[in-house]
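Participant: only the shape, not the letters, is given here:
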């Protein structure tokens, strides 16, 4: 019997041309996690790809919105309503341009911080009280527009570093879904790879 139900959302844009971009760090994280655990994504109402997995004693849905970043909230709200998931059990994995590549940060809540996917979720569910896992994708240089920066492809070296971060996220998720987010913050927020 499952004790909890969680929705773990990885943010990104659909389509092969975005696979290796900064904005798709959330997608990449869930793809890596699903490969490790040998689970497959399937279509959900033409707005998301979802997969189901048990983490500890929690029944978890992994979700990749396919509504494009700016409309991520539409998919998140629909899934939360369909599966009857509390805001406290929503975890969003996102790229973060304020963090260097090789850093991750777990937060209990927070503002959008200029991230359009997070902004869309906050507007759609009328709350910012959900957990975030931020993946550092590097600061945007002054001579590059932020909109261009986030859809630029990461270097092979940076992708390898982010995949190490994704392994740490896979270790943090069992703590978070077991109600031990403070332990996850203490263990992983200070790590650099």
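Facilitator: Great, that's in hand. All values derive from a computational prediction rather than experimental measurement.
Participant: what does stretch 68-78 contact?
Facilitator: The contact list for stretch 68-78 (CB atoms under 8 Å, 6 or more residues apart in numbering) reads 7, 9, 11-14, 23, 45, 47-48, 63, 65-67, 90, 92, 116-117, 119-125. To be clear about C-beta, it is placed using only N, CA and C from the backbone, and glycine gets the same treatment.
Participant: buried residues in it?
Facilitator: 68-69, 71-78 (16 or more other CB atoms under 10 Å).
Participant: how about the helices in this protein?
Facilitator: Ranges of helices in the chain, per DSSP state H, are 25-36, 72-83, 116-125, 146-150, 156-176, 181-188.
Participant: any idea which residue is closest to the centre of the protein?
Facilitator: If you average the C-alpha coordinates of the chain and look for the closest C-alpha using CA atoms, centre = their mean, you land on residue 93, 1.6 Å from that point.
Participant: these two touch, right, it and residue 169?
Facilitator: Yes: counting by CB atoms under 8 Å, residue 93 sits close enough to residue 169 to count as a contact (6.8 Å).
Participant: and for these two, which residues touch both?
Facilitator: Common neighbours of residue 93 and residue 169, using CB under 8 Å, 6+ apart, are 29, 133, 135.
Participant: distance of residue 22 from residue 128?
Facilitator: In this structure, residue 22 and residue 128 are separated by 22 Å, where distance is defined by CB to CB, to the nearest Å.
Participant: and those two? which has more neighbours close in?
Facilitator: Neighbours around residue 22 and residue 128, counted as other CB atoms under 10 Å, are more numerous at residue 22. The numbers are 24 against 16.
Participant: tell me how far the more buried one lies from residue 11.
Facilitator: 11 Å.
Participant: any shared contact partners between the two?
Facilitator: What both residue 22 and residue 11 touch, as defined by CB under 8 Å, 6+ apart, is the set residue 95.
Participant: show me the contacts for the spatially closest residue to residue 23 that is not a sequence neighbour.
Facilitator: The shortest distance from residue 23 to any non-neighbouring residue, by CB to CB, 6 or more residues apart in numbering, is to residue 150 (4.3 Å). When contacts are counted by CB under 8 Å, 6+ apart, residue 150 touches 21-23, 95, 97, 137, 140.
Participant: hang on, the earlier thing: redo the helices of the chain as a markdown table? Include distance to residue 56 and mean pLDDT.
Facilitator: Formatted as a markdown table, the entries for those read as follows, by distance: least, CB to CB, whole Å; pLDDT from 0 to 100:
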| stretch | distance to residue 56 | mean pLDDT |
| --- | --- | --- |
| helix 25-36 | 14 | 97 |
| helix 72-83 | 18 | 97 |
| helix 116-125 | 25 | 98 |
| helix 146-150 | 33 | 94 |
| helix 156-176 | 5 | 97 |
| helix 181-188 | 13 | 97 |
